[in-house]
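1. give the three-dimensional model of this entry:
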Amino acid sequence: MKAIETSNFKKTFGEKTVVDNLTLDVEKGEVFGLLGPNGAGKTTTIRTILTLLKPTEGQVRVWGHDVVTQPREVRQVLGYVPQEKAVDRFLTGREHLILVADLYHLTRPEAKKRIEEVLALVDLTQKADDLVNNYSGGMKKKLDIACGLIPNPNILVMDEPTLGLDVESRIRVWDYIRRLQRGGLTILMTTNYLDEADQLCDRIAILDRGRLAALGPPEGLKKGLGGDRVTIQLGPHQDGLDELAGSLKKELPFVNAIKISPASHELEIRVTSNEEALAPLIQKINGHNRPIVAIQYSRPTLEDVFITYTGHKIKEDSALL
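-> Alright, predicted model coming up:
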């Protein structure tokens with residue numbers, strides 16, 4: 001049994017298809033990331049998993065339970081950390097947790113025990129009785145996480161867990177997520193931060209315009225691009241770039257692919273070897289009497305993966321769905 005399974009999941013609003021034929025699964029104990037710009041279908045997928053929406057077609061199951069026919073059982077295994085800070089500045093941190101415990105119908109002894117556990121987990125014990133109005137942005141996000149953990153869920157759903165936080169607070173939240181995973185929790189998170197997905201996620205799904213564009217471990221997706229990238233800019237008025245590219249690919253076994261940009265006189269070369277590829281590349285190009293203006297070496301990033309599979313950068317350019 002998977003933690004989460006979607007099979008041919010489709011969601012429409014009127015004539016607009018927001019999620020189209022999405023099939024994926026989340027393994028127990030992994031951190032799974034949904035990536036995509038606003039409008040890609042991430043939030044709609046999350047809301048369906050939380051039983052707030054129903055699939056138009058297909059099936060969504062959480063811990064073996066169908067979100068349509070068994071919503072109560074689904075909610076019992078889920079915790080949720082929303083994108084917006086779900087806190088009241090006129091309550092203390094502890095009062096927030098008591099309120100959430102009441103919503104989950106925990107008995108008073110159960111609530112007291114669980115509240116102390118989650119306060120310790122997110123390092124808020126010393127600030128538990130302070131008004132949330134005096135909390136920093138990072139502390140409010142920790143309280144959000146604590147609220148999501150009150151029901152002791154099997155799966156924690158986190159919608160943009162570090163949105164709007166400073167760098168130091170983001171890194172601390174990353175540490176909490178890693179700690180939760182080590183404790184056996186399954187985490188499903190949405191994010192537009194590619195570095196965050198790269199650091200935290202065991203696997204990611206890239207959504208674009210409601211469709212699944214790519215699925216796999218970040219490192220595997222990066223390797224799938226064909227190796228490291230060497231960008232070489234040649235001197236102006238250089239003819240015969242096609243001939244040069246063909247020669248390099250034929251003579252150098254570590255060259256996987258070459259993209260030619262005639263307007264900028266550039267060769268973008270994918271190589272399987274590391275930086276040691278630079279020397280023979282330069283030597284071969286010089287042997288063809290081609291002056292090199294600039295050379296750059298870089299390893300594939302998740303941004304490269306995203307652009308390769310979607311044709312554009314991840315960006316905030318659509319209405320939230």
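2. near the residue lying closest to residue 288 once chain neighbours are set aside, how many other residues are there?
-> Spatial nearest neighbour of residue 288, excluding adjacent residues (CB to CB, 6 or more residues apart in numbering): residue 244 at 5.7 Å. To be clear about C-beta, it is placed using only N, CA and C from the backbone, and glycine gets the same treatment. Using other CB atoms under 10 Å, residue 244 has 20 neighbouring residues.
3. check contacts around the closest residue to residue 201 other than its chain neighbours.
-> If the residues on either side of it in the chain are set aside, residue 201 comes closest to residue 33, at 3.8 Å by CB to CB, 6+ apart. By CB atoms under 8 Å, 6 or more residues apart in numbering, the contact list for residue 33 reads 189, 190, 191, 196, 197, 200, 201, 203, 204, 205.
4. in helices only, show me the residues you listed.
-> 196, 197, 200 (DSSP state H).
5. verify the contact between the last one and residue 188 for me.
-> It refers to residue 200. No. Assessed by CB atoms under 8 Å, residue 200 is found out of contact with residue 188, at 11.6 Å.
6. list the buried ones in stretch 28-42?
-> 30-42 (16 or more other CB atoms under 10 Å).
7. just send the residues you listed back as TSV, with secondary structure too.
-> Listed next are those as TSV, based on DSSP: H, G, I helix; E, B strand; the rest coil:
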residue	secondary structure
30	coil
31	strand
32	strand
33	strand
34	strand
35	strand
36	coil
37	coil
38	coil
39	coil
40	coil
41	coil
42	helix
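8. widest-spaced pair of these?
-> Greatest spatial distance among those (CB to CB): 30 and 39, at 26.0 Å.
9. ok so, going back, state the distance from the residue nearest to residue 201 to residue 207.
-> 11 Å (CB to CB, to the nearest Å).
10. equivalent analysis for residue 54, please.
-> With CB to CB as the criterion, residue 54 and residue 207 are 19 Å apart.
11. more neighbours: those two, which one.
-> residue 207 (27 against 12).
12. how far off centre is stretch 135-149?
-> 20 Å (CA atoms, centre = their mean, to the nearest Å).
13. over to stretch 279-286?
-> 38 Å.
14. what's the span of stretch 292-312, first residue to last?
-> 29 Å (CA to CA, to the nearest Å).
15. that one - what's its average pLDDT?
-> Across stretch 292-312, the average pLDDT comes to 90.
16. what residues sit buried inside it?
-> Here stretch 292-312 shows 297, 300, 301, 302, 304, 305, 306, 308, 309, 310 as buried, counting by 16+ other CB under 10 Å.
17. swap in stretch 63-80?
-> Those would be 63, 65, 66, 67, 70, 71, 74, 75, 77, 78, 79, 80, for stretch 63-80 by 16+ other CB under 10 Å.
18. distance to residue 134, pLDDT and secondary structure for the residues you listed - can I get that in a markdown table?
-> Below are these laid out as a markdown table (distance: CB to CB, whole Å; pLDDT from 0 to 100; DSSP: H, G, I helix; E, B strand; the rest coil):
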| residue | distance to residue 134 | pLDDT | secondary structure |
| --- | --- | --- | --- |
| 63 | 38 | 97 | coil |
| 65 | 40 | 98 | strand |
| 66 | 43 | 97 | strand |
| 67 | 39 | 97 | coil |
| 70 | 41 | 97 | coil |
| 71 | 37 | 96 | helix |
| 74 | 36 | 96 | helix |
| 75 | 32 | 93 | helix |
| 77 | 34 | 95 | coil |
| 78 | 30 | 96 | strand |
| 79 | 25 | 93 | strand |
| 80 | 25 | 93 | strand |
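19. where along the stretch 201-321 of the chain do the helices fall?
-> 218-223, 241-251, 278-287, 302-310 (DSSP state H, counting those that start in this stretch).
20. and the third one, what does it pack onto?
-> Pointing back at helix 278-287 there. Secondary-structure packing of helix 278-287 (3 or more CB pairs under 8 Å, 6 or more residues apart in numbering; DSSP states H and E): strand 228-234, helix 241-251, strand 292-298.
21. again, 7 Å this time
-> strand 228-234, strand 292-298 (3 or more CB pairs under 7 Å, 6 or more residues apart in numbering; DSSP states H and E).
22. could you check the pLDDT of the residue lying farthest from the centre of the chain?
-> Distance from the C-alpha centroid of the chain, by CA atoms, centre = their mean, peaks at residue 289 (45.2 Å). In this model, residue 289 is scored at 83, pLDDT.
23. many thanks, we can stop here.
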